[in-house]
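Novice: Quick one, structure for this:
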Amino acid sequence: MDGVGSFGAGRSGSTIDPITFAKQPQTILRVLSWIFSLVVFASIVNEGYVNMGSERLHCIFNKNTDACNYGVFVGLVGLLACSFFFLLDYKFSSISSVKDRKKAVMLEIGFSGFWTFLYFVSFCFLANQWSRTRAEELPLNQGADAARAAIAFSFFSIITWAGLTVRAVQKYLLGTDMTLFTTEHMDGGAPTQPYPSNSPGGGGTTIETTETYQSPPFTENNAAPTYQVPIY
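Specialist: Numbering: from 1, shown residues only. Predicted coordinates for the structure are as follows:
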């Protein structure tokens, strides 16, 4: 990028280096959060329900359907959110309006912080229900590995989403470098040249000419008027 500009990004329209983007801490945390959410979601969907001698499937977390549904919800929405914010991070420098950048950063702060809390609830909820699950409820220890994976990666997701929240707050605190943006950028418009050039070719430096006028301090017209007495 062309240096730090509005909310930690470069100048509007600057070229993005994919390798540099991939090495950024925020990108690494985003990818890890995507993987962890996928594990939580897939573990419960694939092996989170068991059939114990009947046609009805039961949740492996103490037969509590709410626990499985909550884990699936948090994992799936977290998976989609990571994909959305990943694209937003990649396109962030192309956003010309400072106001739009600020809204994007505030959205990321709010969502990341909220999802950190939801994953904390998920970890506590699933761990509590798993501790209450009896061995006889899971014949041949069926689904035990999936349950432990969902609990473990819910905990790991707390760390990664908290890290994303911190990074978003740091980006917000950077504020905006007003030297990189004109008034038109604030409104989302394209910058214009405030002072047109006076050169014949339309380029180069501006040549300013001034006309000076100096009135002589004393002239004959400034002499006192004379009065001639008429003769009768």
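
Novice: which residues in the chain form strands?
Specialist: If DSSP state E is used as the criterion, the strands of the chain fall at 49-51, 57-59.

Novice: Take those and write them to JSON lines, including mean pLDDT and mean neighbour count.
Specialist: Any C-beta I mention is one placed from the backbone N, CA and C, and that applies to glycine too. As requested, the strands of the chain are arranged in JSON lines below (pLDDT from 0 to 100; neighbours: other Cβ atoms under 10 Å):
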{"stretch": "strand 49-51", "mean pLDDT": "85", "mean neighbour count": "15"}
{"stretch": "strand 57-59", "mean pLDDT": "88", "mean neighbour count": "18"}
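
Novice: residues in contact with residue 149?
Specialist: For residue 149, the contacting residues are 39, 40, 43, taking Cβ atoms under 8 Å, 6 or more residues apart in numbering as the criterion.

Novice: Can you add distance to residue 122, pLDDT and neighbour count and give these back as CSV?
Specialist: CSV is the format used below for those (distance: Cβ to Cβ, whole Å; pLDDT from 0 to 100; neighbours: other Cβ atoms under 10 Å):
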residue, distance to residue 122, pLDDT, neighbour count
39, 12, 97, 20
40, 7, 97, 29
43, 12, 95, 25
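
Novice: which one of those residues sits closest to residue 128?
Specialist: Distances from the contacts of residue 149 to residue 128 were compared by Cβ to Cβ; the smallest belongs to residue 40, at 16.1 Å.

Novice: hang on, the earlier thing: could you say which one of the strands of the chain comes nearest to residue 140?
Specialist: The nearest among the strands of the chain, by Cβ to Cβ, is strand 49-51 at 9.7 Å.

Novice: Fine by me, thanks again.
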